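J.: My questions concern the predicted model and sequence given below.
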Amino acid sequence: MIEISHESPLCILDESRKYNDNDYALVHLLETEPVYLQFFKDSISQGRKVILDNSIFELGTAFDSDKFADWVEELRPTEYIIPDVLEDSEGTIRSAQKFIAKYKDLPGKSIGVVQGKTLDEIEHCYYMLDKVFNVDKIAISFDYSLYRQQYPHPNKWVSFALGRVKVMQYLVRRNIINVNKPHHLLGCSLPIEFMFYKSDFNWIESMDSSNPVVHGLLGINYKGYGLDDKQSIKLVDLIHHEVDETALKNIWHNVNIFKEIVNG
């Protein structure tokens, strides 16, 4: 079973524990949102699994490495994502090398994110994170430009969804995937992607996506297979959104279908 976490607005963070298998924190919000920070401190004290993200998807560049390490020390998450560089294999390798060398004794387990623009770069970055730096967990993102080359489609969200499937299958065929190490899937374009990860992908341990929550807030209910298209709105931009009874009902509808697609 893949552990699922859906980032949610501040006003339903407590509710989110009911539909999330673990709690997924964006580091830059810890600095600006006291309610958000306290929620994750409470989750830690309750013994819940907490993953701390470096906010690269939201900020465009990873959060400052030194300040990120300070937050890992303060929050003491179960897992944390080492600062990476979007679609830059060598930049990500250098960042991971420096971070690991400087912060050897951080609490929690490390997650390294594979980055690159070509299959060779993805493969090389994966090898370095796994074999050389020996991170505890490996993450693969949902929106590499490579996916659109691997699975061309008029709907870019279909390309991202099925492109990641193709790249994952390629890494399996090449025996690059370390099946003895847990993996995390960062984000989601269309939920239909997760119908392809069944028993032979049991090395996928966890994933995060605000997709069901964002669309629920916008009044868009999933069909049985999820969505045909995706709204390009980040949950962080809806963090203060007020959630009424109808929106909450929509969110629950979507997260239940999402869970069925992923683990049904």
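T.: In hand now; what should we look at?
J.: how about the strands in the stretch 151-264 of the chain?
T.: Ranges of strands within the stretch 151-264 of the chain are 183-186, 204-208, based on DSSP state E, counting those that start in this stretch.
J.: How about the residue nearest the centre of the chain: which residues does it bridge to?
T.: For the chain, the residue nearest the mean C-alpha position is Leu186 (2.6 Å; Cα atoms, centre = their mean). Beta-bridge partners of Leu186, counted by DSSP bridges, are Ser141, Asp208.
J.: Does it touch Ile204 like I think?
T.: No - distance between Leu186 and Ile204: 11.6 Å, which falls outside the contact criterion (Cβ atoms under 8 Å). For every residue, glycine as well, the C-beta is placed using N, CA and C.
J.: Count the residues that sit near the closest residue to Trp203 other than its chain neighbours.
T.: Excluding its sequence neighbours, the residue lying closest to Trp203 (Cβ to Cβ, 6 or more residues apart in numbering) is Val179, at 4.6 Å. Residues within reach of Val179, counting by other Cβ atoms under 10 Å, total 12.
J.: just the helices in the stretch 101-250 of the chain please.
T.: Using DSSP state H, counting those that start in this stretch, the helices of the stretch 101-250 of the chain run over 119-127, 146-150, 156-173, 211-217, 245-263.
J.: and Ala25, which of those helices is closest to it?
T.: Smallest distance to Ala25 across the helices of the stretch 101-250 of the chain (Cβ to Cβ): 15.1 Å, for helix 211-217.
J.: before we move on, back to that, among the helices of the stretch 101-250 of the chain, which is the most enclosed?
T.: helix 211-217 (a mean of 26; mean count of other Cβ atoms under 10 Å).
J.: Not counting its own residues, what contacts it?
T.: Helix 211-217 is contacted by residues 6-9, 187-188, 191, 221-222, 227, 230-231, 233-235, 238, 241, 243, 247-248, 250-255, 257-258 when judged by Cβ atoms under 8 Å, 6 or more residues apart in numbering.
J.: again, but for stretch 66-81
T.: With Cβ under 8 Å, 6+ apart as the criterion, stretch 66-81 contacts 22, 25, 27, 30, 37, 40-41, 44, 49-54, 62, 83, 99, 102-103, 106-113, 136-137, 139.
J.: and the residues you listed, which are buried?
T.: By neighbour count, with 16 or more other Cβ atoms under 10 Å, the contacts of stretch 66-81 hold 22, 25, 27, 30, 37, 40-41, 44, 49-54, 62, 83, 99, 103, 106, 108, 110-113, 137, 139 as buried.
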